[in-house]
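Asks: can't give you the sequence, but here's the structure:
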């Protein structure tokens, strides 16, 4: 069973003892991301995630990765709209050693000027990669079209201009204001007892200063706009965004079933109709995004420019049929079983459990219980699904990347 323990400095530890595993995963989750930034410093959360690896008071950037490799472990990090995470996975006997390395880069980073300037080039290349990847760019534009000029509508990577201008004092100031104990969760899963996990957390993270940060409080007013980039690509990329549900919503299980049934795999309604039956698109899928006070539901379509209009019409027809709630018990049962299988298989690794636990405690201050998740999915009824469908498919925003079409995309998507 997972347990949450609060340390004296306000730091929370989420722990799950898995004695039948030989691995341990340790993660540091900070409640800060692009949503907590301004237009002027957009991208700073992600940039800090990069440069924390560039040296500490006793290790160089090369020293960090060499030591992790010496123990046969893996180390990584990521930034999202509302969270930054750093984590390691190792053989259980090296948990203490690799956690010390993780804590060192998280707490004792020095942001050496020369390394900072080099890393700017790396992040600028990452920004260019998104611009060159029409699928990624399309989905970024769609989020921008939904949330407008609000933090959730901005890119996680930030702008090239911002990245070029980041200074070392600016980075230290941001860390000092956001990387505080009550804004951080340490998540540990694997073959390590509660006593040892707590001792490890106190030993290496107990020095983090007390303090808290309120979550972003701006009231969201969605724009339902149309953002696009005309590019001479062989494929047209379209993304449609509807209002979704926040973290911890009572509709979470039913939403997951709807997502699976509509666009969550090869058996989904969209895949079978748009790709298999009509042959209009290679890629078609859906996915939900949840935030602490809101959410979005995305439909993505990659198709030939010549079949773009037909693909949009076919996609709308599938959604329209779903809105009639004419879903057979067989389809519903298959969706539940597919989702349950994904949950179970996805939680076989200590790393996956560590990440799920960290996220749950960070945003909901509650344990992640896989059995509770499974039971919730098993109990999803047609009425539950109908409620989700009623709440999903209203106004929408659209993102598009591709050659200039000979019709108005937004009008066609909006037209009932």
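Replies: Sure thing, it's come through. Since the structure is predicted, the reported quantities are computational estimates derived from the model, not experimental observations.
Asks: what are the ranges of the strands in the stretch 1-150 of the chain?
Replies: Ranges of strands within the stretch 1-150 of the chain are 2-6, 12-17, 23-30, 74-79, 84-91, based on DSSP state E, counting those that start in this stretch.
Asks: quick check: angle from the fourth one to strand 23-30?
Replies: By that I understand strand 74-79. 30 degrees (axes from the mean of the first three to the mean of the last three Cα atoms, to 10 degrees).
Asks: Buried residues, strand 74-79. List them.
Replies: For strand 74-79, the buried set under the neighbour-count rule, 16 or more other Cβ atoms under 10 Å, comprises 75, 77, 79. Every C-beta, even on glycine, is put in place using the N, C-alpha and C of the backbone.
Asks: Which strands or helices does that strand pack on?
Replies: Other helices and strands packing on strand 74-79, by 3 or more Cβ pairs under 8 Å, 6 or more residues apart in numbering; DSSP states H and E, are helix 44-51, helix 61-70, strand 84-91, helix 95-107.
Asks: 7 Å - rerun?
Replies: helix 44-51, strand 84-91 (3 or more Cβ pairs under 7 Å, 6 or more residues apart in numbering; DSSP states H and E).
Asks: now the third one
Replies: For strand 23-30, the packing partners by 3+ Cβ pairs under 7 Å, 6+ apart come out as strand 84-91, helix 95-107, strand 184-190, helix 350-364.
Asks: Point out the one among those that comes closest to residue 204.
Replies: Distance to residue 204, taken as Cβ to Cβ, is lowest for helix 95-107 among the helices and strands packed on strand 23-30, at 3.7 Å.
Asks: and that closest one, which residues are buried?
Replies: Those would be 95, 98, 99, 101, 102, 103, 104, 105, 106, 107, for helix 95-107 by 16+ other Cβ under 10 Å.
Asks: Which one of these is nearest to residue 249?
Replies: For the buried residues of helix 95-107, the residue nearest residue 249 by Cβ to Cβ is residue 106; the value is 31.1 Å.
Asks: From residue 129, how far out is the closest one?
Replies: 26 Å (Cβ to Cβ, to the nearest Å).
Asks: what about the helices and strands packed on strand 23-30, which gets the closest to residue 286?
Replies: Counting by Cβ to Cβ, residue 286 lies closest to helix 350-364 out of those; the figure is 20.8 Å.
Asks: hmm, who's touching the closest one?
Replies: Outside of helix 350-364, the residues that reach it under the criterion Cβ atoms under 7 Å, 6 or more residues apart in numbering are 2, 4, 12, 14, 16, 18, 21, 23-25, 27, 29, 31, 83, 85, 87, 89, 185, 187-190, 247-248, 292, 346-347, 366-368.
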